[in-house]
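1. The sequence and its predicted three-dimensional model are supplied below.
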Amino acid sequence: MQWSGAVGGAWVCGQYAHCLSLLRDSRLNSGASGDFADAGDGETVLRQTLSRWMVFRDGPEHHRIRQALMAGFGQIAAAEIHRRAAGVVTRLVDRFGQAGGGDLMREVAWPLPGLVMGTLLGVEEPLLDSLVGWTQTLADFLREAHPSPDLTARAMAALGEARELFAKLIRLRRVKPEDDVLSGIPRAGSGGAGLDDGELSLQCTQLMFAGHETVRNFAGGAVLTLLRHPDAVGELRRDVPGRIRAAVEELARFDSPARFVRREALEDLDCGGFPVRAGETVLVCVGAANRDGRRFRNAGDLDILRSDNPHLAFGAGPHACLGANLARILMQRLVARLLEVFPVMELRAEPEWSSNPGLKRVAVLQIG
């Protein structure tokens with residue numbers, strides 16, 4: 001834990017025990033409040049709207065929204081989630097294999113999370129490509145500290161289109177429920193946690209965005225790690241069904257999709273003897289924590305058989321990733337199918353990377 005002026009003034013924490021404690025501490029919020037205060041014109045309006053996403057809320061409001069969304073996911077049996085995810089993965093990977101490989105990010109990792117999440121939300125297949133495109137535009141906007149007016153306008157239009165799509169679907173599901181997430185989310189006024197239709201349409205766009213970023217970054221990093229560790233691939237191939245779960249957990253630990261998460265202290269607190277004052281920013285470096293030798297034996301080694309692996313790749317505490325289990329399912333299916341379709345899988349060129357400081361994201365990954 002140390003103070004750094006190089007990142008705008010923040011405490012930087014990379015020790016596992018401290019990171020876990022900070023992620024669970026209710027005296028720190030999501031750290032998003034300051035992100036939406038100083039923009040101008042259309043950018044202000046858009047950022048203020050997006051600040052109502054669950055991921056940027058805290059306390060009782062965050063809990064209320066999270067409980068409602070969790071009820072929606074509980075509507076679908078685990079076996080059905082596996083079936084739908086497997087169907088999308090198989091279709092994308094098989095098409096990729098038939099083409100002889102190529103850019104895994106563009107052909108598989110980019111569309112995968114949106115297609116699966118859209119399907120779980122009940123979006124009809126002809127509309128999924130448009131929804132994934134709108135989600136990408138929002139992701140492009142949020143990655144920029146100072147987005148151009150053109151990007152801001154396109155992101156505002158994308159959010160409007162996506163919310164309108166979900167608003168129509170919500171109205172249909174209120175009348176005729178189906179076997180999807182939307183049908184299981186309680187409405188406001190129905191007792192307990194519930195969302196009104198406007199709230200729900202906005203939170204659906206967040207579910208699309210969160211899955212889009214997490215799974216895509218996870219997929220690129222995991223596959224690249226395997227390509228750079230052929231011995232681990234050989235070990236996994238010897239028993240894919242029996243080893244895939246532990247392998248995916250280890251891939252998440254070894255190369256975490258997120259480098260750090262931002263938190264802001266609501267009051268003075270002590271973290272491992274370091275005085276964090278109210279209002280100060282804390283960068284919880286989950287990537288570093290997952291390589292902490294004090295918690296993980298041979299932390300710098302990729303061990304796909306690792307059993308003691310409580311990594312922080314999906315966070316912890318009240319803001320732990322809502323879709324972590326879905327991300328795990330998708331990655332298990334993706335890695336297993338790639339190994340099946342490609343008896344020999346090789347890197348054709350060095351990967352290209354994005355410049356996002358908070359996410360370790362492969363932009364182009366040519367494999368075959």
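-> All right, it came through fine. Numbers count the residues shown, from 1 in each chain.

2. Sketch out the low-pLDDT regions of the chain for me.
-> Scanning the chain for pLDDT under 70 picks out 7, 31-41, 189-193, 355-360.

3. which residues touch Leu312?
-> Shown in contact with Leu312 (C-beta atoms under 8 Å, 6 or more residues apart in numbering): 16, 19-20, 23, 256, 286, 289-290. For the C-beta atoms, the positions are set from N, CA and C on the backbone; glycine is no exception.

4. Not counting its neighbours along the chain, what's nearest it?
-> Leaving aside its chain neighbours, Leu312 sits nearest to Val286 (4.3 Å; criterion: C-beta to C-beta, 6 or more residues apart in numbering).

5. Next: Arg66.
-> Met54 (5.9 Å).

6. how about the strands in the stretch 151-300 of the chain?
-> 261-265, 269-271, 274-276, 281-284 (DSSP state E, counting those that start in this stretch).

7. what's the burial count for Asp129?
-> 13 (other C-beta atoms under 10 Å).

8. oh, I was asking about Val284
-> Counted with other C-beta under 10 Å, Val284 comes out at 26.

9. Then the one 10 residues further on?
-> Using other C-beta under 10 Å, Arg294 has 9 neighbouring residues.

10. residues in contact with stretch 322-329?
-> Under C-beta under 8 Å, 6+ apart, the answer for stretch 322-329 is 54, 66, 69-70, 73, 81-82, 85, 116-117, 120, 207, 210-211, 214-215, 218, 245, 248-249, 314-315, 321.

11. With stretch 245-259 instead?
-> 213-214, 217-218, 221-222, 224-226, 232, 236, 285-287, 290-291, 296, 302-307, 309, 311-314, 328, 331-332, 335, 357-361.

12. May I have it as PDB, with CA atoms only?
-> Output of stretch 245-259 as PDB, limited to C-alpha atoms (Å, rounded to 0.1, in the frame of the first residue of the first chain):
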ATOM      1  CA  ARG A 245     -13.000 -25.600 -14.400                       C
ATOM      2  CA  ALA A 246      -9.700 -25.300 -12.500                       C
ATOM      3  CA  ALA A 247      -7.900 -24.200 -15.700                       C
ATOM      4  CA  VAL A 248     -10.300 -21.300 -16.300                       C
ATOM      5  CA  GLU A 249     -10.000 -20.200 -12.600                       C
ATOM      6  CA  GLU A 250      -6.200 -20.200 -13.000                       C
ATOM      7  CA  LEU A 251      -6.400 -18.300 -16.200                       C
ATOM      8  CA  ALA A 252      -8.500 -15.600 -14.500                       C
ATOM      9  CA  ARG A 253      -5.900 -15.400 -11.700                       C
ATOM     10  CA  PHE A 254      -2.900 -15.500 -13.900                       C
ATOM     11  CA  ASP A 255      -4.000 -12.700 -16.300                       C
ATOM     12  CA  SER A 256      -6.900 -10.900 -14.700                       C
ATOM     13  CA  PRO A 257      -9.200  -9.000 -17.200                       C
ATOM     14  CA  ALA A 258      -9.100  -5.900 -14.900                       C
ATOM     15  CA  ARG A 259      -5.900  -4.500 -13.700                       C
END
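
13. Distance from that stretch to the middle of the chain?
-> Distance of stretch 245-259 from the chain centroid (C-alpha atoms, centre = their mean, to the nearest Å) equals 13 Å.

14. Could you list the buried residues of it?
-> 246-259 (16 or more other C-beta atoms under 10 Å).

15. Run a quick neighbour tally on Gly118.
-> When neighbours are counted by other C-beta under 10 Å, Gly118 comes out with 26.

16. Contacts only, for Cys13.
-> Cys13 neighbours (C-beta under 8 Å, 6+ apart): 1, 19, 22, 271, 282-285, 289.

17. go again using 7 Å as the cut-off
-> The contact partners of Cys13, taken as C-beta atoms under 7 Å, 6 or more residues apart in numbering, are 1, 19, 22, 271, 282-285.

18. How about Leu46, nearest residue that isn't a chain neighbour?
-> Met156 (5.2 Å).

19. quick one: the one you found and Arg47 touch, right?
-> No: using C-beta atoms under 7 Å, Met156 is not in contact with Arg47; the gap is 10.5 Å.

20. For these two, indicate the residue with more neighbours.
-> The neighbour comparison of Met156 against Arg47 (other C-beta under 10 Å) goes to Arg47, with 21 against 18.

21. helix or strand for the more buried one, which one?
-> Arg47 is part of helix 42-50, with elements assigned from DSSP states H and E.

22. Does anything pack onto that helix? Which helices or strands?
-> With contacts taken as 3 or more C-beta pairs under 7 Å, 6 or more residues apart in numbering; DSSP states H and E, helix 42-50 sits against helix 149-175.

23. now the angle from the helix it packs on to helix 42-50?
-> Interaxial angle of helix 149-175 relative to helix 42-50 (axes from the mean of the first three to the mean of the last three C-alpha atoms, to 10 degrees): 30 degrees.

24. name the helices or strands packed onto helix 149-175?
-> Using 3+ C-beta pairs under 7 Å, 6+ apart, helix 149-175 is in contact with helix 42-50, helix 125-143, helix 181-184, helix 197-227.

25. roughly how far out does the third one sit from the chain middle?
-> Spelled out, it's helix 181-184. 20 Å.

26. What of the longest one?
-> For helix 197-227, the separation from the chain centroid amounts to 4 Å (computed by C-alpha atoms, centre = their mean).

27. Which strands and helices lie in contact with it?
-> helix 112-121, helix 125-143, helix 149-175, helix 240-254, helix 324-341, strand 362-364.

28. again with the third one
-> Contacts of helix 181-184 with other secondary structure elements, assessed using 3+ C-beta pairs under 7 Å, 6+ apart, are made with helix 59-74, helix 112-121, helix 149-175.

29. No more questions from me, cheers.
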